[in-house]
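Visitor: sequence unknown, structure follows:
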């Protein structure tokens, strides 16, 4: 088995992959930075099992953190495997080149994943209605919005949006909105409504 894998997808897929991987250690992060990378490096050096899998899920991951993990991914301890779940396009090329894509699993993922295709096929009013419904429940709202945006991006990539001018603009809009989600108090309604208006109907 290879020692480093990546999964590109929303954080809502974490539990499904965790059940599949059965890792020794697993944790999710809103933002995975240099301090978190150092923690992982320290933890991996302390393992006392012949084989161990470390599973990390992150809504965002900094370039500094990825650089810090490079050596660990290249030269892990014997029997150690690392799996990263990150948004599409989040990994630096130098990091991704040292990893393999983890095989997709058949699982019942989040409601967001199941509805993104319908959202893209809807017109303006139906999209607005969907957004209003999403915003009703404030529990874990920012994370649910982030998962939805990541799932939207993954669906757009699957539909080959990168091959069209308006598609590339749509992906840029998604990346921009995801960036604003890291602000201290983002207006989730405004960000989602921007996507509802800017993303093309498929």
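Guide: Good, I have the coordinates. Just so it is clear, the structure is predicted and the values come from calculations on it, not from any experiment. Numbering: from 1, shown residues only.

Visitor: contact partners for the closest residue to residue 65 other than its chain neighbours?
Guide: Residue nearest to residue 65 in three dimensions, not counting chain neighbours: residue 37, with 4.1 Å by CB to CB, 6 or more residues apart in numbering. C-beta here means a position set from N, CA and C on the backbone, and glycine is covered the same way. Taking CB atoms under 8 Å, 6 or more residues apart in numbering, we find residue 37 in contact with 64, 65, 66, 68, 69.

Visitor: with residue 142 instead?
Guide: 181, 186, 188.

Visitor: ok, the second one touching residue 180?
Guide: If I follow you right, that is residue 186. Yes. Using CB atoms under 8 Å, residue 186 is in contact with residue 180, at 5.2 Å.

Visitor: just to revisit the earlier point, what helix or strand is the residue nearest to residue 65 located in?
Guide: helix 34-46 (DSSP states H and E).

Visitor: report the distance from that helix to the chain centre.
Guide: 20 Å (CA atoms, centre = their mean, to the nearest Å).

Visitor: also stretch 176-194?
Guide: Distance, centroid of stretch 176-194 to centroid of chain: 16 Å (CA atoms, centre = their mean).

Visitor: go on, stretch 82-91?
Guide: Computed by CA atoms, centre = their mean, the chain-centroid distance of stretch 82-91 equals 6 Å.

Visitor: what comes up buried for that stretch?
Guide: Neighbour counts using 16 or more other CB atoms under 10 Å place 82, 83, 84, 85, 86, 87, 88, 90, 91 of stretch 82-91 among the buried residues.

Visitor: list the contacts for residue 159?
Guide: Per CB under 8 Å, 6+ apart, neighbours of residue 159: 120, 167, 202.

Visitor: measure it to residue 147 for me?
Guide: Noted for residue 159: a distance of 19 Å to residue 147, by CB to CB, to the nearest Å.

Visitor: in terms of secondary structure, what does whichever helix or strand comes after the helix holding residue 37 contact?
Guide: For helix 34-46, the succeeding helix or strand toward the C-terminus, using DSSP H and E, is strand 52-58. Under the contact definition 3 or more CB pairs under 8 Å, 6 or more residues apart in numbering; DSSP states H and E, strand 52-58 sits against helix 14-21, strand 25-29, helix 34-46, strand 80-86.

Visitor: quick one: residue 99 and residue 167, what's the gap?
Guide: For residue 99, the distance to residue 167 - CB to CB - is 26 Å.

Visitor: about what we covered before: so which of the helices and strands packed on strand 52-58 is nearest residue 52?
Guide: Closest to residue 52 of these, according to CB to CB: strand 80-86, at 5.5 Å.

Visitor: that closest one vs helix 34-46, what angle?
Guide: Using axes from the mean of the first three to the mean of the last three CA atoms, to 10 degrees, the direction of strand 80-86 lies 160 degrees away from that of helix 34-46.

Visitor: and whatever helix or strand comes next after strand 80-86, what does it pack onto?
Guide: Helices and strands here follow DSSP H and E; after strand 80-86, the next one along the chain is helix 93-96. Packing contacts for helix 93-96, counted by 3+ CB pairs under 8 Å, 6+ apart, involve helix 63-74.

Visitor: and this structure, what are its domain boundaries?
Guide: The chain breaks down by automatic domain parsing into domains covering 4-101, 111-198.
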